[in-house]
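J.: please work out how this folds:
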Amino acid sequence: MLVRDGFRILQTRVELPLEYDDLHPEVQTELLICYLFINDRRSIEGIACLGLDRRRIVAALLKQGIVEDRRHGRVNTVPEGTSSSEVRKKIA
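T.: Below is the predicted model of the structure:
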């Protein structure tokens, strides 16, 4: 079990979609946050240094199913049987 910044990590790699430039800017930011956290192994504080709010960072990691949601025993926000890449396609 991998843990970083107090969160259990559920994914070990984030792939940015080929159509990344065509995505809504909010989705681009979420995916970039996930990429930096997982692929570049940056801490939440390290990402926050780029001018992003810590709450927004954690929300993006939870929304994309990157980390476990510790509130009220929720495992993550991605529906069972759905990969986070499928969720990203629905958002776009």
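J.: helix, strand, or coil at Arg55?
T.: Of the three states, Arg55 takes helix under DSSP: H, G, I helix; E, B strand; the rest coil.
J.: buried ones in stretch 20-37, by neighbour count?
T.: For stretch 20-37, the neighbour count (16 or more other CB atoms under 10 Å) marks 23, 27, 30-37 as buried. Backbone N, C-alpha and C define where each C-beta goes, glycine included.
J.: wait, what's in contact with the residue sitting nearest the centre point of the chain?
T.: A centroid search over the chain (CA atoms, centre = their mean) returns Leu61, at 2.9 Å, as the residue closest to the centre. When contacts are counted by CB atoms under 8 Å, 6 or more residues apart in numbering, Leu61 is found next to 7, 33-34, 37, 67.
J.: in helices, which of those residues fall?
T.: 33-34, 37 (DSSP state H).
J.: for this structure, give me the ranges with low pLDDT.
T.: Counting by pLDDT under 70, the chain shows low-confidence ranges at 72-92.
J.: ranges for the helices of it?
T.: Using DSSP H, helices in the chain cover 25-38, 44-48, 54-63, 84-91.
J.: which one of the ones you listed lies closest to Val14?
T.: Judged by CB to CB, the one of those that comes nearest to Val14 is helix 25-38, at 4.6 Å.
J.: so Arg70 makes contact with Phe7?
T.: Yes - contact criterion CB atoms under 8 Å: Arg70 and Phe7 qualify, at 7.3 Å.
J.: of these two, who's got more company?
T.: Phe7 (18 against 12; other CB atoms under 10 Å).
J.: excluding its backbone neighbours, what's nearest the more buried one?
T.: Val67 (3.8 Å; CB to CB, 6 or more residues apart in numbering).
J.: which strand residues bridge that neighbour?
T.: In this entry, Val67 is beta-bridged to Ile9, by DSSP bridges.
J.: that one is in contact with Thr12, isn't it?
T.: No - the criterion here is CB under 8 Å, and Val67 misses it with Thr12 at 12.0 Å.
J.: and the nearest residue to Asn39 once chain neighbours are set aside, how many neighbours does it have?
T.: In this structure, Asn39 finds its nearest non-sequential neighbour in Val14, 5.6 Å apart by CB to CB, 6+ apart. For Val14, the neighbour count with other CB under 10 Å is 20.
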